[in-house]
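Colleague: Quick one, what's the 3D model for this:
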Amino acid sequence: MNDPAAVSLDAARYPWLTADAAALLTWLHETDTAPRFNHHCGDRLTAEALARVKTFEQQLQTTPPGWSPAARPAWLPDFAAHCLATVPFYRQYGLPPANFADLPTCTRADLSHAPWAFVPDNAPLDDLIVYNTSGTTGHPLDILSHPEAASKYLPLLRAALVTRGVTLTLKELGQAGGRDPATGRLRVALVLVCFQRRTYTYASVSAYLGGAGFAKLNLNPDDWRDPADRARFLDACAPEVFTGDPLAFAELARLPLRHRPQALISTAMTLLPALRAELEAHFGCPVIDLYAMNEAGPIAAATPTGYALLQPQLYVEVLDAAGRPCAPDARGEVVLTGGFNPFLPLLRYRTGDYARLAYVGGQPRLLDLEGRPPVVFVGLAGQPINNIDVSGALKRFALPQYRLHQAADAALTLTVTPHTAVALAEVRAALLGLFGADQALTIVESDPAVAPAGKVIQYTREAA
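Modeller: Reported below is the predicted structural model:
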C-alpha cells in the first residue's frame, strides 16, 4: 500500500464513483512503479454538478469569446451590477458608473488581503474549497473556489487543444470507450508533471472524463522508490495529454519514455519558441502554450495569430499606466472581468501581465504576451533596451527557464536552468550583441529541482 496517501474511495470525494473508476484509482496508487503520493484529491461532482460542467462545455463550443473595439460584451453590464450589489469588496465602489471604464481596478494585493471579501453574499458555502498558492509573484493567495470550477478547467483544456486540432478520445460517463486496449482498464487521460524540490502529488479519477484517471506527479527522483520508475509508471499510464511547465517538460524529455501523447500543454512559465520546437520534435505532437492563472483559470492559448481567448464569460481589457483603456494594438496591462469561479467573480482585476489586444478576423487576440511588468534595461552605451528585445534575443535558445536582473551599477546576472542543447557561450554572445560587447554579464546555472514554483518574475532592474 502506498502510505501515507493510501487510496481513498470515500463518497464525499467521489459521489459518482463506479467500480471501474475505483479499480483504476486503486491501480494508480498501488502499482509497483507508482510514486510516493502525498495527497488526496477528488472532484466531488454530483450528477447535477456534472450536468452543469457539461453545459459549460457546450457554451465553450457554441459561444466563442469575442467583442469589437466599439462594443463590449452584452453580458457585461448585468455582471458588473451583480458584483457591485452582492460582493463586499466591490460594494464599496458605490453605484454603477455610466461608463464601465470608470470602475476602479483591483489587484492581487487586494485579493491576498481579504479573499473572503470577494465572495458574493448569496454564494452557497457548502462546497467551498480553499486553494493555497505560492507567493513567488509578490503576494501569497488563498483562492476560494468550488468543485465545479475545478472541473471546468478540463473543458477549457479541451478548448485549448482544439486550437491545434487535438481532441481527447475519452467518452462520457456510462458510455463505451475510454479503455486501455491492453489492460481493459479505464484510461489515464491527463498527467500534470512538475519538477520541484517538493509539491503536492496525487492520483484521481474524473467524472467529466468518464471515470478516466488524472495524476499530478513530481519528476524529482526523491519522490520515487527508484528513479527509473518515472518512465515505467508514465508508460503504464499512457496519458493522452501531459500538462506542466517548461522545466518539467525538459526533464520529461530526458526520460526513456516509449509512450507518445497527443499533446503537451505548457503553463506557468515562459515557453521559448526554440524549446517548444524541440519538444514537438521529441514527442511528435503539438506543444500548446497556455496563458492561465489561479484567479481566472485558463485564459488563452497560443496560436500563430496570437493568444486565442477561451472563456466566453471573460472580458479582457488592456490598460495603460494611468488605468485607461489602450487603443487597439497598443501595449498595456491585461485586466480581467468575469470568470467561472462563483466564489471569485473578477471585476477589472489587474493581472500584472502585459500584452497588446488586437483583432484578428474580428476576434480579440493577445499579442506579445509577457508575464509581469515591462522592464527597460540600460545598455553599455546608455541605450534603453526593452525586455521584449531581450526575449527576442533569447527566443532561439531552448532554455526551460531564465531570469535576467540588472544591478544598480548596470551589471547583468542571467540565471538559467541548464539544458544540454543550449551552449551558454552562445547565450552570452546573444546578450552582449544586444547590450554591448564589454557589458558585465554573469551567467548562473540553477538546479531545476529547486527552482521556484509558479510564475517567475522574468525581468528585474535595480534603480541606478
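
Colleague: Check the model's average confidence along the longest strand along the chain for me.
Modeller: Ranked by number of residues, the top strand in the chain under DSSP state E is strand 346-360. Across strand 346-360, the average pLDDT comes to 93.

Colleague: So which other helices or strands are in contact with that strand?
Modeller: Strand 346-360 is packed against helix 76-86, helix 108-113, strand 306-309, strand 314-319, strand 331-338, strand 363-370, with contacts defined by 3 or more Cβ pairs under 8 Å, 6 or more residues apart in numbering; DSSP states H and E. All C-beta spots, glycine's among them, are computed from the backbone N, C-alpha and C.

Colleague: The same query, at a cut-off of 7 Å, please.
Modeller: Packing partners of strand 346-360 (3 or more Cβ pairs under 7 Å, 6 or more residues apart in numbering; DSSP states H and E): strand 314-319, strand 331-338, strand 363-370.

Colleague: Which positions within it qualify as buried?
Modeller: 346-358 (16 or more other Cβ atoms under 10 Å).

Colleague: again with stretch 78-88
Modeller: Neighbour counts over stretch 78-88 (16+ other Cβ under 10 Å) mark Phe79, Ala80, Cys83, Leu84, Val87 as buried.

Colleague: okay if I get the helices and strands packed on strand 346-360 as TSV plus mean neighbour count, distance to Ile129 and mean pLDDT?
Modeller: Output for the helices and strands packed on strand 346-360, formatted as TSV (neighbours: other Cβ atoms under 10 Å; distance: least, Cβ to Cβ, whole Å; pLDDT from 0 to 100):
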stretch	mean neighbour count	distance to Ile129	mean pLDDT
strand 314-319	22	20	96
strand 331-338	22	20	95
strand 363-370	18	28	91
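
Colleague: Which of the ones you listed sits closest to Val166?
Modeller: Proximity to Val166 (Cβ to Cβ) singles out strand 363-370 among those, at 19.9 Å.

Colleague: Report the angle between the closest one and strand 314-319.
Modeller: Orientation of strand 363-370 against strand 314-319 (axes from the mean of the first three to the mean of the last three Cα atoms, to 10 degrees) gives an angle of 60 degrees.

Colleague: Pull up the pairing partners for strand 363-370, direction included.
Modeller: Sheet pairing of strand 363-370 (DSSP bridges) gives strand 306-309 (antiparallel), strand 346-360 (antiparallel).

Colleague: Just checking the distance from the next helix-or-strand element following it to the centre of its chain.
Modeller: Reading on from strand 363-370 to the C-terminus, the next helix or strand found by DSSP states H and E is strand 376-378. The chain centroid and the centroid of strand 376-378 are separated by 28 Å under Cα atoms, centre = their mean, to the nearest Å.

Colleague: try stretch 231-239
Modeller: Per Cα atoms, centre = their mean, the centroid offset for stretch 231-239 relative to its chain is 23 Å.

Colleague: Using CSV, write down the CA coordinates of it.
Modeller: In CSV, the C-alpha atoms belonging to stretch 231-239 read as follows (Å, rounded to 0.1, in the frame of the first residue of the first chain):
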residue,chain,number,x,y,z
ALA,A,231,9.3,6.3,-17.1
ARG,A,232,7.8,2.9,-16.2
PHE,A,233,4.8,4.5,-14.5
LEU,A,234,4.2,7.1,-17.2
ASP,A,235,4.4,4.4,-19.9
ALA,A,236,1.9,2.3,-18.0
CYS,A,237,-0.4,5.3,-17.6
ALA,A,238,0.0,6.3,-21.3
PRO,A,239,-1.9,9.6,-20.8
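
Colleague: Quick one: residues in contact with that stretch.
Modeller: Applying Cβ atoms under 7 Å, 6 or more residues apart in numbering, the contact partners of stretch 231-239 are 31, 33-35, 180, 188-191, 215, 255-259, 261.

Colleague: Now list the buried members of those.
Modeller: Thr33, Ala34, Pro35, Val188, Ala189, Leu190, Val191, Ala215, Leu257, Pro261.

Colleague: longest helix anywhere in the protein?
Modeller: helix 47-62 (DSSP state H).

Colleague: So which bits of stretch 289-303 are buried?
Modeller: By 16+ other Cβ under 10 Å, the buried positions in stretch 289-303 come out as 289-302.

Colleague: And it, end to end?
Modeller: By Cα to Cα, to the nearest Å, the extent of stretch 289-303 from end to end equals 8 Å.

Colleague: Show me what the mean pLDDT comes to for that stretch.
Modeller: Mean pLDDT, computed over stretch 289-303, is 94.

Colleague: How about stretch 76-91?
Modeller: The average pLDDT within stretch 76-91 is 96.

Colleague: for it, the distance to its chain's centre please.
Modeller: Put simply, stretch 76-91 sits 27 Å off its chain's centre (Cα atoms, centre = their mean).

Colleague: before we move on, what about stretch 397-417?
Modeller: Mean-position distance between stretch 397-417 and its chain equals 23 Å (Cα atoms, centre = their mean).

Colleague: Not counting it itself, show me its contacts.
Modeller: Contacts for stretch 397-417 (Cβ under 7 Å, 6+ apart): 246-247, 250, 269, 272, 274-275, 278, 377-378, 390, 394, 419, 421-422, 427, 431, 435, 439-446, 448, 451, 456-464.

Colleague: Over to stretch 65-77?
Modeller: Outside stretch 65-77, the residues within contact range by Cβ under 7 Å, 6+ apart are 100, 309-315, 328, 337, 359, 363-364.

Colleague: Report the buried residues of it.
Modeller: Buried residues in stretch 65-77 (16+ other Cβ under 10 Å): Pro65, Trp67, Arg72, Pro73, Leu76.

Colleague: I'd like to know which of the residues you listed is nearest to Arg198.
Modeller: Nearest member of these to Arg198, counting by Cβ to Cβ, is Pro65, at 36.6 Å.
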